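> sequence and predicted structure, then a few things I'm wondering about:
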Amino acid sequence: HTEDELSRSSHSNPGKSLVNGIKTNPASNSPKSSLPVPMGPPVYVDLAYIPNHCSGKNTDPEFFKRIRASYYVVSGNDAANGEPSRAVLDALLEGKSQWGENLQVTLIPTHDTEVTREWYQQTHEKQQEL
């Protein structure tokens, strides 16, 4: 869809909004809603930005099962808000374990945080296996 088409679709039906390209009711606009996500083949990209500063609010293992990148940008430097989230970094390993392919993945942290350092040290062996 072009930007104009998306704009017209949201104006023609003001009670609906788009979440990940799917029309939803505003009441079900939460990221962890029970709205079914259509299955499809994985998407391969060179570079992907982990959404929401690598917060667990919007990213789960399903993201990494479907978005397969050679490089993931890990931002976030706010430990009080769980950014970056250890759960999201663990979800990357869980998602990658489902790929069935030995593709190299590189994380690009935008900040040197205790969470990313500890995660790397504690999961280094599993990273090498995958």
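Alright, I've got the coordinates.
> does Pro84 touch Tyr72 like I think?
No. Judged on C-beta atoms under 8 Å, Pro84 makes no contact with Tyr72 at a distance of 10.8 Å. In this view, the C-beta of every residue, glycine as well, is placed from N, C-alpha and C.
> where do the contact lists of those two overlap?
Ile50 (C-beta atoms under 8 Å, 6 or more residues apart in numbering).
> surely Tyr72 is within a helix?
No. Tyr72: not assigned to a helix; according to DSSP: H, G, I helix; E, B strand; the rest coil it is strand.
> who's it bridged to?
Ala48, Leu107 (DSSP bridges).
> so which of Pro84 and Tyr72 has more stuff around it?
Pro84 (26 against 22; other C-beta atoms under 10 Å).
> quick one: the more buried one from Pro42, how far?
Distance of Pro84 to Pro42, given as C-beta to C-beta, to the nearest Å: 23 Å.
> cool, Glu62 as well?
Glu62 sits 11 Å away from Pro42, going by C-beta to C-beta.
> again, but for Thr116
Taking C-beta to C-beta, one finds Thr116 at 25 Å from Pro42.
> ok, Gly76 next?
24 Å.
> okay, the two: which has more neighbours?
Shown here are Gly76 and Pro42; by other C-beta under 10 Å, Gly76 has more neighbours (22 against 14).
> show me what contacts that one?
Counting by C-beta under 8 Å, 6+ apart, Gly76 touches 53-55, 83-85, 110-111, 113.
> now swap in Ala79 and tell me
Taking C-beta under 8 Å, 6+ apart, one finds 113-115 in contact with Ala79.
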